[in-house]
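**Q** sequence and predicted structure are below.
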Protein chains: 2
Amino acid sequence: MIPERTLARLKNIVGVGNYLDSPEDKIAYSYDGTPLLRQLPEAILIPRSVAHISQILKLANEEKFSVVPRGSGSGLSGGSIPVENSVVLLTNHWNKILEIDRANLTAWVEPGVITGQIHSAVEEVGLFYPPDPGSSTICTIGGNVAENAGGLRGLKYGVTKNYVMGIEVVLPSGEVILTGGKSVKDVAGYNLKDFFVGSEGTLGVFTRILLKLLPKPDTSRTMLVYYDKISDAADSVSDIIASKITPAALEFLDRTTIKCVEEYAHLGLPTSIESLLMIEADGRSSVVDEDIATIRSICARHKALEIRIAVDDEDASKLRSARKVAFSALARVRPTTILEDATVPRSEVARMLDIINRIAASHALLFGNFGHAGDGNLHPTCLTDERDKNEIHRAEKAFDEIFNAAVNLGGTITGEHGTGLAKKQFFEKVAGPAQIDMMRKIKGVIDPNAVLNPGKIFSLSPKCEGTMPRTQEQIKKYLDMGAYS
Amino acid sequence: MIPERTLARLKNIVGVGNYLDSPEDKIAYSYDGTPLLRQLPEAILIPRSVAHISQILKLANEEKFSVVPRGSGSGLSGGSIPVENSVVLLTNHWNKILEIDRANLTAWVEPGVITGQIHSAVEEVGLFYPPDPGSSTICTIGGNVAENAGGLRGLKYGVTKNYVMGIEVVLPSGEVILTGGKSVKDVAGYNLKDFFVGSEGTLGVFTRILLKLLPKPDTSRTMLVYYDKISDAADSVSDIIASKITPAALEFLDRTTIKCVEEYAHLGLPTSIESLLMIEADGRSSVVDEDIATIRSICARHKALEIRIAVDDEDASKLRSARKVAFSALARVRPTTILEDATVPRSEVARMLDIINRIAASHALLFGNFGHAGDGNLHPTCLTDERDKNEIHRAEKAFDEIFNAAVNLGGTITGEHGTGLAKKQFFEKVAGPAQIDMMRKIKGVIDPNAVLNPGKIFSLSPKCEGTMPRTQEQIKKYLDMGAYS
C-alpha cells in the first residue's frame, strides 16, 4: 500500500483533475490486452508535462513505490499491467504529431499518438511509416517503441526499432535525456536509443519520439492464395524469397482461422481449404506488376487452388482484412484467447506449424494459427476458457512446449509482443543465466530502486524470485478470485 | 607494467607461438589508422579459441591489466590503440566464413573476415551484404561491428547495425553469450545485441557474427556530375530525395579533393570545378533506368556542367573510384591527414560545408571535404603536418569548432568512425552528463574491473578524468617524443 500522504503528494504534482483513484478507475486500469493477468493499481496519473513525470519518478525513488507507464493498454504480454504497490502513468493523452520534416524524412511525435494516425498523416504528404502492428488503429506509438512492435510489413520493412531515430526519455531517476537525432548516421557513444526500444517501460518513460519516414511507395497490390496443404503454402513462401522478391506482406492463415474469419467477416473465403496466403507487393508499378506475375506463377506451381488478385483499392482492403481481422475473429469462438508469437527462422515455418498442431492435439486444445510467414513470426492462438482450470493448465503446458520447440529450431519466444509478465518465466529458462544477469545488472544501475515497471521481462533478483508475482501463481490467484465470471 | 609472472601466464594460455612481445611487434601494434595517437602494448596475443579469450579476460580481472581487441587496425578514432598496462588481443586471424544460409538470407562469419571478402562470397551466390566502409578491402567485419561502420551505401541500405542478427560475445568476465539469432523478429528481453554493436571493444570480444543478407540487386548504374557551385550540388541532392528516389550512393567531393584525386588517379576529372557528385542507383533494371533519367534531369536543372554516366561495369568502377580513392589521394598531399566524420541532418549539408570552409580559412588550414551527401555524413579532412605543433594546435581548434557546429545543426560528432580516444573529449562535451553517466554505469556493471579497452569513448570516472590519457595530452606527449620524425 502506498501511504495516503504519498498519494496526496502525487495528486498535488499532477493536479486534482489528473488523478484517478475510484474503484471503477482502478479496475479499468488493472488489465491490458493480455489474458489471465490482472492487478489493481493504487492510483492512475495523467501527467501534463515532462516535469510532472520527472517529479513522479523522483517521488517514487524517495517513497519506494512503482510506476507503470501505459499507452492504449493494447499490449499482449502484460507490459502495462500494474505491479504491487504501483501507480499507472498514462501517456495516451499526449497525442500530437509535432513535426513532419519533409527534407529529412522524419517526424517528431508524442508517445500517445495512435500508430494508424501517423500512417494517415505522413501518407497525406507522400511519406510512409512502415511498421503496422495488427492493433494499429488503437495502439500508441509510445507502446510500439516500448515493445518494439512488429506487424505485417516486417519482412520487407523491418520493425519499430528500424524507424526510431531519437527519443526524449525521462529516466527512472527523473532526469531527462534526448538520445539520437535527425542524423541518419550517428555512432557517438553507446547506442542507448536502440536499448530503450523494446525495454518495455522498465528503463524510461518516452515523452517525444523522432521517427524515420520513407517515400510512400507508388503502388501496392494485394492477393489471396488458397491451398489444400500447408506445405504447399510454405514451399511457395520459400520460392518467393528465393526468387529475390521481398513482398511487403507475406501472411498466412490456417483452416481454423480461415473458418472463423469467414464466419465473422463474410469475405467469401472457402472454409474447406487448409491454408491461405495474403501477399502484398509494393513499390514502382512496373516492378510490382512483374513481382505479382512471378508470385502468381510460383504459387500456381505449388498447387494453389485459387489465386485472387485485388482489382482495386477497395478490393485490396477486403482481401487484406482476411488477415487483419484474424485475431478478432478467433476471439469470438471461446471466452479466452491466448495469442502468442513464437518465432522461428523463416526456413522452419512449416516444421514449426506441424509441431504446434501436434502439441495442440496432444493436449486436446483448439488452436488457430496465423501470422507472418515471410519472417517466421507465427501466432499460435489457443481458444480456451479461463474458468476451466484444467484446460488453462493444459494450455500453459502446450505453450511451454511450443516455446521450447521454437527455441530449439533457432527461434525465440516472442517476435513482436514482448516478454512482459506473460512470458518472463519462459524467458528466464531460454535466455541463459549470463544474459539475464547482464540485463538485471543494467536495470539495477539505471533504476536502483526499481521504481519503473519492476518485475517485467525478468524477475529483479534471482534470490527472491519466489516473492515476485509470477504468471502461473497470478493465474491461480486470479482464477481463485473468480474474476471475469 | 604487467608483471612478468602475469605475462608468463598469458603466454601459457595462448601458447608460445601465439605470444608476441619483441620491440618491433610492440611498435607495430602501438597505433591504428588514427593520426597522432600511439601507445605501446606490453604484449600481443593471438588467441586460438573462444576458451583462450575467456581465460585471458578472467586473468585480466584477477591481475588487473587491460585487454584491447584489434582487427585490422584500420579504425579512425583510436579504438584499437593500446591503453596503459594493456595487451593487444588479435582477432584478424579468425577469418572464416562459416555458413551462408540461402533459405534464411544469413551468414555466420568469424570476426577477422575482411569485409570485402564477405561481399564477394555472398555475391557469388546471388546475395548481397550492403555495408561498404571505405576501407572494405582491408577492414575486418569484427571491427565494423565494434564501430558500427557505415559506408557509401548508408543512405539506401543503412549501416552495419542494420545487418547484425546475432553475435557470440565473450563478456569482460570471460563468460560467453550468444545474443540474437536467425529469427527476423526477436524482442525477448533487452536488446543486448544492438548494444554491443558500436560499443568499440569496451563491452565484449566478438567471436562469431551472424549477418543479415539481401538478394543481390539485379543491376546498378553509376554516374558523375560536375558543378560550378557547391550549392547547386546540394540542391540536386535535396531534389533527388524529394523526388522519392533513394540512390544506393550519393557522394560528393569538393574542389581540393577533386584536384588531389585527379593528380593521384588520373581519371580525367576537370580540376577547375567546385564540386562533384558520384551517384549510384541499383535495383531492377527498369527502375534503375527510370531513376537515372530522373536524376539526370534534376542535375541538369541545377546547372550541372557535365553528367557522365558509366557505359559498362569497368567504366562504373572507374567513376566510383573517384570517390573511393579520396582519402588516399588527400593523404599524399601533406604528412598528416586528419579525417573526421562530423555528421548533420541531410538538410544541413550545404550549410555545414560552408561553415567548415570558413573555419578552415580562419585557422589558415588546408581542408579537403568529401563524404556521403545523401545521409549528411561529411568527411572534413585536414591536411597538415604533425611536426608543426602550431598547425596541429590550430587543427584541434578547428575540429572543436566543426564538431560544435555539427551538434548545433542537430548533428553529431561521429557518423561512422566511432568516438574511441580521438573524440572522447568532444563527446563528453556534447553528450550531456546524464547520458555519459548512464554509459559509465553500464560499463561499470558489465566490466567492473575495467579490463576491456578502458578509457575509450568516455573516461571511466569523471573524478579522475585528469589521470586518464586524454587526446590533447597524448598529442603533446607524443609530439614531445618526436615520434614519426
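**A** Thanks, I have it. Residues are numbered from 1 along each chain as shown, chains lettered A, B, ... in the order given.
**Q** low pLDDT regions in chain A?
**A** Applying pLDDT under 70 to chain A picks out residues A:462-485.
**Q** what residue lies at the spatial centre of it?
**A** A:His417 (3.3 Å; CA atoms, centre = their mean).
**Q** so who does it touch?
**A** Counting by CB atoms under 8 Å, 6 or more residues apart in numbering or on different chains, A:His417 touches A:Gly75, A:Leu76, A:Ser77, A:Glu147, A:Glu340, A:Asp341, B:Val187. For glycine as for every other residue, the C-beta is placed from the backbone atoms N, C-alpha and C.
**Q** 7 Å instead?
**A** A:His417 sits next to A:Leu76, A:Ser77, A:Glu147, A:Asp341 when contact means CB atoms under 7 Å, 6 or more residues apart in numbering or on different chains.
**Q** now the strands for the stretch 351-485 of chain A?
**A** In the stretch 351-485 of chain A, the strands defined using DSSP state E, counting those that start in this stretch lie at A:366-372, A:377-384.
**Q** adding mean neighbour count as columns, could you present these in TSV?
**A** Converted to TSV, the strands of the stretch 351-485 of chain A look like this (neighbours: other CB atoms under 10 Å in any protein chain shown):
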stretch	mean neighbour count
strand A:366-372	25
strand A:377-384	26
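**Q** between those strands, which one is closest to chain B.
**A** For the strands of the stretch 351-485 of chain A, proximity to chain B was assessed by CB to the nearest CB; strand A:377-384 is nearest, at 4.6 Å.
**Q** who are the packing partners of that closest one?
**A** strand A:336-339, helix A:349-362, strand A:366-372, helix A:389-408 (3 or more CB pairs under 7 Å, 6 or more residues apart in numbering or on different chains; DSSP states H and E).
**Q** so which of those is nearest A:Thr219?
**A** strand A:366-372 (22.0 Å; CB to CB).
**Q** which secondary structure elements does the closest one contact?
**A** strand A:249-254, helix A:255-265, helix A:349-362, strand A:377-384.
**Q** try it again at 8 Å.
**A** strand A:249-254, helix A:255-265, helix A:326-331, helix A:349-362, strand A:377-384 (3 or more CB pairs under 8 Å, 6 or more residues apart in numbering or on different chains; DSSP states H and E).
**Q** so which of these comes closest to B:Tyr227?
**A** strand A:249-254 (41.7 Å).
**Q** what about A:Leu192, distance to A:Phe426?
**A** Separation of A:Leu192 from A:Phe426 (CB to CB, to the nearest Å): 27 Å.
**Q** er, A:Thr219 I mean
**A** 42 Å.
**Q** again, but for A:Leu203
**A** For A:Leu203, the distance to A:Phe426 - CB to CB - is 21 Å.
**Q** repeat for A:Tyr31
**A** Distance of A:Tyr31 to A:Phe426, given as CB to CB: 20 Å.
**Q** then A:Glu99?
**A** Counting by CB to CB, the gap from A:Glu99 to A:Phe426 is 40 Å.
**Q** neighbour count: the two, which is higher?
**A** A:Phe426 (23 against 12; other CB atoms under 10 Å in any protein chain shown).
**Q** so A:Val407 sits against A:Val430, correct?
**A** Yes - with contact defined as CB atoms under 8 Å, A:Val407 and A:Val430 form a contacting pair (4.8 Å).
**Q** just how off-centre is stretch A:79-92 within its chain?
**A** Distance of stretch A:79-92 from its chain centroid, counting by CA atoms, centre = their mean, to the nearest Å, is 17 Å.
**Q** need the CA coordinates for it. CSV is fine.
**A** Extracted in CSV, the C-alpha atoms of stretch A:79-92 (Å, rounded to 0.1, in the frame of the first residue of the first chain):
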residue,chain,number,x,y,z
GLY,A,79,3.7,-4.8,-20.1
SER,A,80,1.3,-2.2,-18.8
ILE,A,81,-0.4,-4.3,-16.1
PRO,A,82,0.2,-2.8,-12.7
VAL,A,83,2.5,-4.4,-10.2
GLU,A,84,2.2,-4.4,-6.5
ASN,A,85,2.4,-1.0,-4.8
SER,A,86,2.2,0.9,-8.1
VAL,A,87,0.6,3.8,-9.8
VAL,A,88,-0.3,3.8,-13.5
LEU,A,89,1.2,6.6,-15.5
LEU,A,90,-0.9,7.4,-18.6
THR,A,91,0.7,8.8,-21.8
ASN,A,92,-2.1,8.3,-24.3
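**Q** so how far is chain B from A:Ser362?
**A** Separation of A:Ser362 from chain B (CB to the nearest CB, to the nearest Å) stands at 25 Å.
**Q** quick one: contacts for the closest residue to that residue other than its chain neighbours?
**A** Closest residue to A:Ser362 apart from its sequence neighbours, by CB to CB, 6 or more residues apart in numbering or on different chains: A:Ala398 at 7.9 Å. A:Ala398 makes contacts with A:Ile359, A:Ala360, A:Ser362, A:His363, A:Leu365, A:Cys382, as judged by CB under 8 Å, 6+ apart.
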